[in-house]
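K.L.:
Output the structure for:
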Amino acid sequence: MASSSSSSSYRYQVFLSFRGEDTRLNFTGHLYKALRDAGIDTFIDDDELRRGKAIRDELLRAIQGSRVSIIVFSKRYGDSSWCLDELVEIMKCRRTVRQIVIPIFYDVDTSDVRKQSGSFGEAFGKHEKRFALDLDRILRWREALTDAADLSGWDLRNTLNGHEAKLIKEIVKSVSKELNCTNLFVALYPIGIESRVRAMNSMLDVEPNDKACVGIWGMGGVGKTTIAKALYNQTYDGTFDGRSFLANVREKWSQPNGPVLLQEQLLSDIFKSEVHVGSVDRGIKVIEERLSCLKVLILIDDVDHINQLNALARHNVWFGPGSRIIVTTRDEHVLKQLEVDAIYKAEEMNDTESFELFSWYAFRRSSPTQEYTEVTRMVVDYCAGMPLALEVLGSFLYRRSTAEWQSTLEKLKRSPHRDIKKVLQISFDGLEDDEVQSIFLDISCFFIGMNKDYVELILDGCELDAKTGINILLERSLLTIRENDKNDKLMMHDLLRDMGRDLVQEKFPKEPGKWSLTLNVEEAEKVSFSTKAFIKMQRLRLLQLNHVKLNGSYEYLSEDLRWLCWHGFPLKFIPNNFLLGNLVALDLQYSKLAGVWEEPKLIEKLKILNLSHSRNLRQTPDFSYILNLEQLIMIDCESLEEVHDSIGLLEKLVLVNLEGCTSLKKLPKSFGKLKSLITLIFSGCPPFENSGDSDLWPSRIMTRLVPTWLKELYLMQYNMTDDAIPKELGSLPSLEILEISESNVQNLPNLVGLSHLKHFLLDTCERLESIPDFPTKLEYISVVRCGQLKRVPDMSRMPDLFILALIDCVNLVGVPGLNKLLTKSLGDLFLSNSSMPTLHEAIIWVISFQIPSHNFL
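P.N.:
Numbering: from 1, shown residues only. Now for the predicted structure:
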């Protein structure tokens, strides 16, 4: 990201526009010398004009390349078409590039300039005759004069008793002050910044006299400061009484007398003179008292503790009407403590922006040569949208051969670039609590992409305060959860992940026993792996051995294990000498298990058991040895025939997932005793058979099998017919989610009794003909590919319904109550392949009343 705007982009600091024969040898000559003596680079045509160049073109470039234009209006200024053309260009630059324009009225009335009267009126009388065929030019001159006369400037007749020397001194002082307020340099290449500043501007779009404080939050290296400086430059419009940019606050705060120096810098920037406060407490009072009536623009960069803001910009009342405060930080909690008006999350660059920014650094052009295109893609993919990484690696690889690029990529796979790691590690080192650091390292090694609650359960079992720790990592942008992600997956930028894994090995290079070990398939296939390798790893808490075969006795593995993930576990039973007494989560998906344990072992801490895709497994374990189990997941265990009767003993069991267990035809009566069960997934299971009192079958499943406090029930691909769906389905008052997709049902029972149901899915029920009624609390309804469906209930009875999907329901003749619903709660309506006239009329009716909040797809 970049946007370059600094004094270095100007050719001159000041452009002087004047009528030579009026003021060249007196006022303007003296003003020019005073400006030059003050070190201000000033353009005056007879001093700077290069011989052999067209006068007009050179003057235009001089005007366009100046930071400030000073217009000396004198009696004969209006006589000169040359001067008037200059003025038009100056006023254009004021509008387009925010050039500062200062009018000086030298021995002429302001009203004569504004109204083109007096000597200016006489001049225009002549111009209108001379340029009778170019009246547009005359109009541009008049408009420019009027606009310039309305600007704040200096009138010699009414200032300092007409004392020219004193006025020149004041003008030089004023110009110097303006030039000292030049824009900040933002970055070298202007890629991706404009859209981000637009988004931030919308947060500052308040009434002119209202105060606004906004925060920019994001991980290190993502471009927070770049965005903030660009916003700072754009926000400053000349109406502020003062402004200040406090850079690197986190770093400066920790230096000797750092807090006081920052307060003094803030005050000195705004008042353009040295201000000393002596102590933090006095500094707070000075800021509050002296700035409370001033309109100020303040950028406070890289804050990491609320104490810093308490000393610099704690309350809006410290600043005058119209003030704008911008704060950048890696810690969202700091912004919440400050109670900012809005928080902008600085996101990574997209692929197009990343490719272009990297190309500018690596090739000094917007795209690579053909020879480098593929390897450029590889480096850009590695950077994953982080501007810092794109800049560092692009600069490093500039003018290097493709062989060197490939070598660099191989090295990056082993360890991050030191300059990138240095910036990223600031956030890690800023985690004051060693426990939170440990949680970050564990997640970076194992749990990226996993459900937040699942990870918390495991890390709590490691005696860590996982919930608090993960929330801190989210606030510090070291972790993210994608917006609208129903699964709450913990995500981490690839470079943060690499840094975390590198830190583990860097911290204990010769003590692998202190690592949390992970092996993947590719690594395992290259080595012969013996259990004796674990002898020195007795403190191992987390172990992932996917598709690995171990040779030797399992007694060598750590008894301290809390999480074991071993996809493709190669044995038929877990060996007796594999001591798992401290295990919290056991994940043996895709295993070769026929049973679970050779002999049942007491595992009191086990909360999660995942045996999914273990296609040889015929029976669940004896649950009486794992009484604290909370989640049982056995997806696609196609040989599973029996659930052990002891399942009824699991008082803490909240989730049972038996999806795709195609051989499972009966469940024990004790299943109905599960006191804590919340989520039950039978999707893809066959109808249960009646085999006596000890078993249950579909027609009695709701009354004897499913507890009434169940909140989620999934029956997708559950081959139910009308006879198989009991009327008691509507008697689960706590149910919030119900899915009956891909079934053979024709008519549903009355579901009004599901008083808390919010989500209802009826997808691909091809024989379904009617729905008698919907519960009134529904928020989401999905009815997709139900080709025989003809009638649905009155939608107006569901005031909370926000999403309605009616897709490929070709025989549906109408949707009662949709008109009312569209004007109330409904946010999204998804339609396709429908021939419903009443529905189409409803949509046309809503659009005709310009209801803006609905999406029609």
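K.L.:
what about this protein, any weak spots by pLDDT?
P.N.:
Within the chain, the stretches with pLDDT under 70 are 1-9, 46-56, 180-182, 237-238, 484, 507-528, 687-705, 718-728, 825, 832-857.
K.L.:
hmm, 50 instead?
P.N.:
1-8, 47-55, 518-523, 526, 690-699, 838, 840-857 (pLDDT under 50).
K.L.:
all strands of the stretch 651-800 of the chain, in order?
P.N.:
In the stretch 651-800 of the chain, the strands defined using DSSP state E, counting those that start in this stretch lie at 655-657, 679-681, 712-714, 737-739, 759-761, 780-784.
K.L.:
dump the residue contacts of the residue lying closest to Ala247 once chain neighbours are set aside.
P.N.:
Of all residues not flanking Ala247 in the chain, Asp301 sits nearest, at 5.0 Å (CB to CB, 6 or more residues apart in numbering). To be clear about C-beta, it is placed using only N, CA and C from the backbone, and glycine gets the same treatment. Applying CB atoms under 8 Å, 6 or more residues apart in numbering, we find Asp301 in contact with 225, 228, 245-249, 328.
K.L.:
tally of neighbours for Pro368?
P.N.:
With neighbours defined by other CB atoms under 10 Å, the count for Pro368 comes to 19.
K.L.:
about what we covered before: list the neighbouring strands of the host helix or strand of the residue nearest to Ala247 plus their orientation.
P.N.:
Using DSSP states H and E, the element containing Asp301 is strand 296-303. Here strand 296-303 is paired, per DSSP bridges, with strand 242-246 (parallel), strand 324-329 (parallel).
K.L.:
From the contact counts, what lies against the helix or strand following that strand?
P.N.:
Elements were assigned by DSSP H and E; along the chain past strand 296-303, the next helix or strand is helix 306-312. Counting contacts by 3 or more CB pairs under 8 Å, 6 or more residues apart in numbering; DSSP states H and E, helix 306-312 packs against helix 249-253, helix 258-271, helix 280-291, strand 296-303, helix 332-338.
K.L.:
any idea how far the residue nearest to Ala247 lies from Pro259?
P.N.:
Computed as CB to CB, to the nearest Å, the Asp301 to Pro259 distance reads 15 Å.
K.L.:
neighbouring contacts of stretch 192-200?
P.N.:
Contacts for stretch 192-200 (CB under 8 Å, 6+ apart): 1-3, 186-187, 214, 216, 223, 226-227, 230-231, 234, 344, 346, 349-350, 353, 357, 387.
K.L.:
quick revisit: turn the strands paired with strand 296-303 into TSV, columns for mean neighbour count and distance to Trp318.
P.N.:
Shown next, in TSV, are the strands paired with strand 296-303 (neighbours: other CB atoms under 10 Å; distance: least, CB to CB, whole Å):
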stretch	mean neighbour count	distance to Trp318
strand 242-246	20	13
strand 324-329	26	9
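K.L.:
Need those strands in CSV (columns: distance to His127).
P.N.:
Shown next, in CSV, are these (distance: least, CB to CB, whole Å):
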stretch, distance to His127
strand 242-246, 41
strand 324-329, 44
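K.L.:
Could you dump the helices and strands packed on helix 306-312 into a markdown table with distance to Thr23 added?
P.N.:
Putting the helices and strands packed on helix 306-312 into a markdown table (distance: least, CB to CB, whole Å) gives the following:
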| stretch | distance to Thr23 |
| --- | --- |
| helix 249-253 | 48 |
| helix 258-271 | 33 |
| helix 280-291 | 39 |
| strand 296-303 | 36 |
| helix 332-338 | 52 |
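K.L.:
Please identify the deepest-packed of these.
P.N.:
Highest mean neighbour count of these: strand 296-303, a mean of 24 (counted as mean count of other CB atoms under 10 Å).
K.L.:
tell me the contacts of Val392?
P.N.:
417, 419-420.
K.L.:
Going along the chain, name the helices of the stretch 501-650 of the chain.
P.N.:
Under the criterion DSSP state H, counting those that start in this stretch, the stretch 501-650 of the chain contains helices at 521-524.
K.L.:
can you give me the strands in it?
P.N.:
517-519, 542-545, 563-565, 585-587, 608-610, 631-633.
K.L.:
Let me have those in a markdown table, extended by distance to Phe446.
P.N.:
Converted to a markdown table, the strands of the stretch 501-650 of the chain look like this (distance: least, CB to CB, whole Å):
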| stretch | distance to Phe446 |
| --- | --- |
| strand 517-519 | 6 |
| strand 542-545 | 6 |
| strand 563-565 | 7 |
| strand 585-587 | 11 |
| strand 608-610 | 14 |
| strand 631-633 | 18 |
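K.L.:
Any chance of the ones you listed in a markdown table with distance to Phe529 and mean neighbour count as columns?
P.N.:
Listed next are the strands of the stretch 501-650 of the chain as a markdown table, based on distance: least, CB to CB, whole Å; neighbours: other CB atoms under 10 Å:
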| stretch | distance to Phe529 | mean neighbour count |
| --- | --- | --- |
| strand 517-519 | 8 | 16 |
| strand 542-545 | 9 | 20 |
| strand 563-565 | 15 | 22 |
| strand 585-587 | 19 | 22 |
| strand 608-610 | 23 | 21 |
| strand 631-633 | 27 | 20 |
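K.L.:
Which of those sits closest to Asp433?
P.N.:
Among the strands of the stretch 501-650 of the chain, the nearest to Asp433 by CB to CB is strand 542-545 (19.3 Å).
K.L.:
Counting by contacts, list what the closest one packs against.
P.N.:
strand 517-519, strand 563-565.
K.L.:
Give me the distance from it to the chain's centre.
P.N.:
Centroid separation for strand 542-545 versus its chain: 31 Å, with CA atoms, centre = their mean, to the nearest Å.
K.L.:
Direction included, what does it pair against?
P.N.:
strand 517-519 (parallel), strand 563-565 (parallel).
K.L.:
Touching the last one from outside, list them.
P.N.:
Put plainly, it is strand 563-565. Contacts for strand 563-565 (CB under 8 Å, 6+ apart): 446, 458, 461, 541-546, 580, 583-588.
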